[in-house]
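Show me how the following folds:
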Amino acid sequence: MPAFEGLRSPYDKTIGGLHHLGRMLDKIRLWQAGKLPEDFHRNYGLSIGLDGQLCGFLSVKFADVEAKVAAGVPDAEVAEWMFVNGLRPNRSQIYIWNEHSRKLGWNDRLTDYLSGIRQEPGLTHITAQTSFGFIEQSEGRIPPAVK
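This is a model prediction of the structure:
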């Protein structure tokens, strides 16, 4: 699937310094507008996916984040709400989240899942071993580590 307008890279850390946070907010916004591509529906908000893991890490409910986005709260304010009502990660915690999320799928519980998805029509060209790499390649971007 090519890059979709309005959907940031999971590597983007402009919101709260955290990988995936901006992308998660983009996905919520697109879902609520009925514009999130069908390919994204299977993992939307799942506790085992990046959305759910990030919300779990920050100790907030995905549904509560959805409500903030639905109310039109700007991204920086949603992030601040998450930090006030859940965990405000310190520099070490941010590093741990960013490294965990960046490497997810590399020799862990998602490895087999990603291998299965790579067998689907139109995705057999993807060679990435991580979830982020898979997303970048499937959306036509070169993962930063490969540049």
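
helices and strands of the chain: which one has the lowest mean pLDDT?
Sorting the helices and strands of the chain by mean pLDDT, DSSP states H and E puts helix 111-117 at the bottom, at a mean of 82.

If we go by neighbour counts, what in that helix is buried?
114, 117 (16 or more other CB atoms under 10 Å). For every residue, glycine as well, the C-beta is placed using N, CA and C.

what's the answer for stretch 59-74, then?
Under 16+ other CB under 10 Å, the buried positions of stretch 59-74 are 60, 62, 65-66, 68-69, 73.

Pull the number of nearby residues for Arg81.
Just so we're on the same page, residue 81 is Trp rather than Arg. 15 (other CB atoms under 10 Å).

let me redo that: Gly45
Neighbours of Gly45 using other CB under 10 Å come to 18.

ok, it - contacts?
51-52, 62-63, 66 (CB atoms under 8 Å, 6 or more residues apart in numbering).

Mind checking the pLDDT average for the helix or strand that contains Ser101?
If you go by DSSP states H and E, Ser101 is part of helix 91-103. Per-residue pLDDT over helix 91-103 has a mean of 96.

so what does that helix touch, helix or strand wise?
On a contact count with 3 or more CB pairs under 8 Å, 6 or more residues apart in numbering; DSSP states H and E, helix 91-103 meets helix 50-58, helix 131-138.

what about those helices, which gets the closest to Glu38?
Ranking those by proximity to Glu38 (CB to CB) places helix 131-138 first, at 13.7 Å.

in the protein, which segments are predicted with low confidence?
1-3, 145-147 (pLDDT under 70).

Give me the contacts around the helix or strand where Val84 lies.
Assigned by DSSP H and E, Val84 falls within helix 75-85. Residues outside helix 75-85 that contact it (CB under 8 Å, 6+ apart) are 15-16, 18, 21-22, 25, 58, 60, 64-65, 68-69, 73, 89.
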